[in-house]
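[1] starting from these lines, generate the structure:
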Amino acid sequence: MLIEDLKDKPPNRLIIGIGDEVDSISRADHRHKLEDLKPKFASKKAYPRLITEEYEDLANIYAKYTNKDEWLGHISGNHPLILCEKTQVDPVMSLCKELDHPYLGYSAFVPILIDASGRRISCMLMCHHGFGGTNARKEGSSLNAYIDHALRFEGWDIAAYGHRHDKWVKVVPRIKPQESGFAKRSPWIRAVDRVVLQCGTYLRTLSHSDYPTYSEKAGYPPRPLGCVKLNIGMDRVREGGRDNISLRVKSCSV
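    Numbers count the residues shown, from 1 in each chain. You can find the predicted model right below:
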């Protein structure tokens, strides 16, 4: 599924990782089971360097199906941070060094410049790996939590979260007064959409194989696999005698 998504190459594609791109479940983790590993990771050669084998395997996939300049960077996650506390190795940071990609920490603001019809507009992407999980088995448990969190911050156009192994996109309408630029003339009101999303997952909750995932053993419900894809463009609206250019999400794929 991951490779299928990476093979899909629309024009001007940009990619960002929102954390936990590798399991990062070391032998010190209670969820680690040797019998759950695929043979290429359980061999005598690979097993002693399991975490390194994981991120090197993913790095090879990224190098094969993507270009370096397509990547905005990689957010870390709770899995690699827990691993880092125990082993002093952050596999996401190691992945970034391997590929020469930006390492973005646990959360970040990432600006994107969009060119269209000779005009340029900035899209501010707010990324956070995510949090919580007590109600992860309940439908929609992350939606309100992540929207509430995003609305406590200013200046973003799209807020992207991960962590809870789900995939959705929610448009959050906002009302904004726009000054006319003339004294004693009332401002007009503009609708400015903001987008909050949960980025998706590739972790199966029913592997139908000899290698069950930890989410399968924990009884997590089925989730849509794959990533969220946004098509971002611009809107041009004539207001108050001038053109107002604004960001617009033209379409999304979940």
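[2] what residues sit buried inside stretch 104-115?
    L104, Y106, S107, A108, V110, I112 (16 or more other Cβ atoms under 10 Å). Quick note: C-beta positions are derived from backbone N, CA and C, even for glycine.
[3] now these as TSV including distance to P80, pLDDT and secondary structure?
    Listed next are these as TSV, based on distance: Cβ to Cβ, whole Å; pLDDT from 0 to 100; DSSP: H, G, I helix; E, B strand; the rest coil:
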residue	distance to P80	pLDDT	secondary structure
L104	12	96	coil
Y106	10	93	coil
S107	14	95	strand
A108	15	96	strand
V110	19	96	strand
I112	25	92	strand
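[4] ranges for the strands of the chain?
    With DSSP state E, the ranges of strands along the chain come out as 15-17, 71-74, 107-116, 119-128, 158-161, 167-178, 188-201, 226-227, 229-239, 242-253.
[5] which one of these is the most hemmed in?
    strand 158-161 (a mean of 24; mean count of other Cβ atoms under 10 Å).
[6] list the contacts of that strand.
    Residues from elsewhere that reach strand 158-161, judged by Cβ atoms under 8 Å, 6 or more residues apart in numbering: 16, 18, 123-130, 142, 146, 149-150, 153, 194-199, 228, 230, 232, 249.
[7] circling back to that earlier point, out of the buried residues of stretch 104-115, who's nearest K7?
    K7 has its nearest neighbour among the buried residues of stretch 104-115 in I112, at 22.5 Å by Cβ to Cβ.
[8] do you know how far that closest one is from A145?
    25 Å (Cβ to Cβ, to the nearest Å).
[9] low-confidence ranges in the stretch 101-250 of the chain?
    116-117, 133-141, 180-185, 238-245 (pLDDT under 70).
[10] what is the burial count for R152?
    6 (other Cβ atoms under 10 Å).
[11] quick revisit: mind putting the strands of the chain in JSON lines, distance to G219 included?
    Formatted as JSON lines, those follow (distance: least, Cβ to Cβ, whole Å):
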{"stretch": "strand 15-17", "distance to G219": "27"}
{"stretch": "strand 71-74", "distance to G219": "29"}
{"stretch": "strand 107-116", "distance to G219": "29"}
{"stretch": "strand 119-128", "distance to G219": "26"}
{"stretch": "strand 158-161", "distance to G219": "23"}
{"stretch": "strand 167-178", "distance to G219": "19"}
{"stretch": "strand 188-201", "distance to G219": "16"}
{"stretch": "strand 226-227", "distance to G219": "22"}
{"stretch": "strand 229-239", "distance to G219": "29"}
{"stretch": "strand 242-253", "distance to G219": "28"}
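[12] and of these, who's closest to D210?
    Closest among those, once you apply Cβ to Cβ, is strand 188-201, at 21.1 Å.
[13] how about the helix ranked longest in the chain: buried residues?
    Ordering each helix of the chain by length in residues (DSSP state H) puts helix 50-65 first. Of all the residues in helix 50-65, those buried under the rule 16+ other Cβ under 10 Å are L50, I51, E53, E54, Y55, E56, L58, A59, Y62, Y65.
[14] output the contacting helices and strands for it.
    helix 2-7, helix 39-42, helix 91-99 (3 or more Cβ pairs under 8 Å, 6 or more residues apart in numbering; DSSP states H and E).
[15] swap in 6 Å and give it another go.
    helix 91-99 (3 or more Cβ pairs under 6 Å, 6 or more residues apart in numbering; DSSP states H and E).
[16] what residues of the helix it packs on count as buried?
    P91, V92, M93, S94, L95, C96, E98, L99.
[17] quick one: pLDDT of V92?
    Looking at V92, its pLDDT reads 92.
[18] coming back round to it: can you give me the angle the longest helix of the chain makes with helix 91-99?
    Going by axes from the mean of the first three to the mean of the last three Cα atoms, to 10 degrees, helix 50-65 is angled at 40 degrees with respect to helix 91-99.
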